[in-house]
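In: Build me a model:
(one chain, ligands or ions: 2)
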Amino acid sequence: MPDCIFCKIINREIPSQVVYEDEELLAFKDIHPVAPVHVLAIPKKHVVSVNDLADEDAEVVGKIFLVIKELASQLGIAETGYRVVTNSGEDGGQEVGHLHFHLIGGKPLGRKIG
Ligand code: AMP
Ligand code: ZN
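Out: Numbering: from 1, shown residues only. Ligands and ions are numbered 1, 2, ... in the order given. As a prediction, the model looks like this:
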């Protein structure tokens, strides 16, 4: 995809700290972590945002959540708790136009979500 930073991470054109990879998914550490644990889980298929999901993407989105569940356990935050966030579009504060799910934890995050 033209100039997509996350596609470049998938293709190893940009370095990242990968914490999970399979044929369809990649998870890597956020470069500007907002908490002790801050990982981004993405489909390898270039989908811009939730708006752009097709019926055929249902399985991969489900798998992303299972990977997030596994990572939360591996990274030691399954018991203490965490937040999973996906930002869409301008009002959602989306900066990178490749669907991604933030897994954030390792400190109390409070109740504010907007
Ligand atoms: P969003 O605002 O939801 O689009 O989030 C984009 C996230 O991507 C931000 O948390 C950035 O810190 C993160 N990010 C941007 N570039 C990189 C990169 N090269 N490696 C890892 N994370 C990145
Ligand atoms: Zn992309």
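
In: For H102, grab phi and psi.
Out: Main-chain dihedrals, H102, degrees, to the nearest 10: phi -80, psi 130.

In: Chain neighbours aside, what residue packs nearest to it?
Out: V85 (4.4 Å; Cβ to Cβ, 6 or more residues apart in numbering). Heads up, the C-betas are built off the backbone N, CA and C, glycines and all.

In: Distance of that neighbour relative to ligand 1?
Out: Distance, V85 to ligand 1, by Cβ to the nearest ligand atom, to the nearest Å: 7 Å.

In: ok, now G110?
Out: Distance from G110 to ligand 1, by Cβ to the nearest ligand atom: 18 Å.

In: what does the chain put close to ligand 1?
Out: I5, I14, S16, D30, I31, H32, L40, N87, G93, Q94, E95, V96 (Cβ under 6 Å from any ligand atom).

In: and of the residues you listed, the nearest to G105?
Out: Relative to G105, the closest of those is D30; by Cβ to Cβ it sits at 12.1 Å.

In: returning to what we had before: quick check on the residues of the chain next to ligand 1: which are buried?
Out: S16, D30, L40, N87, Q94 (16 or more other Cβ atoms under 10 Å).

In: can you tell me which of those are in strands?
Out: L40 (DSSP state E).

In: so after the helix or strand hosting V67, what's the next helix or strand?
Out: Applying DSSP states H and E as the criterion places V67 in helix 58-74. Next in sequence after helix 58-74, counting helices and strands by DSSP H and E, comes strand 82-85.

In: ok, back up a step: outside of the helix holding V67, which residues touch it?
Out: Helix 58-74 has contacts (Cβ atoms under 8 Å, 6 or more residues apart in numbering) with 19-20, 22, 24-25, 27, 39, 41-43, 45, 53, 78, 82, 84, 101, 103, 105.

In: From those, keep the buried residues only.
Out: V19, L25, A27, V39, A41, I42, P43, K45, Y82, F101, L103, G105.

In: Could you single out the nearest of those to I113?
Out: The closest of those, once distances to I113 are taken by Cβ to Cβ, is Y82, at 13.4 Å.
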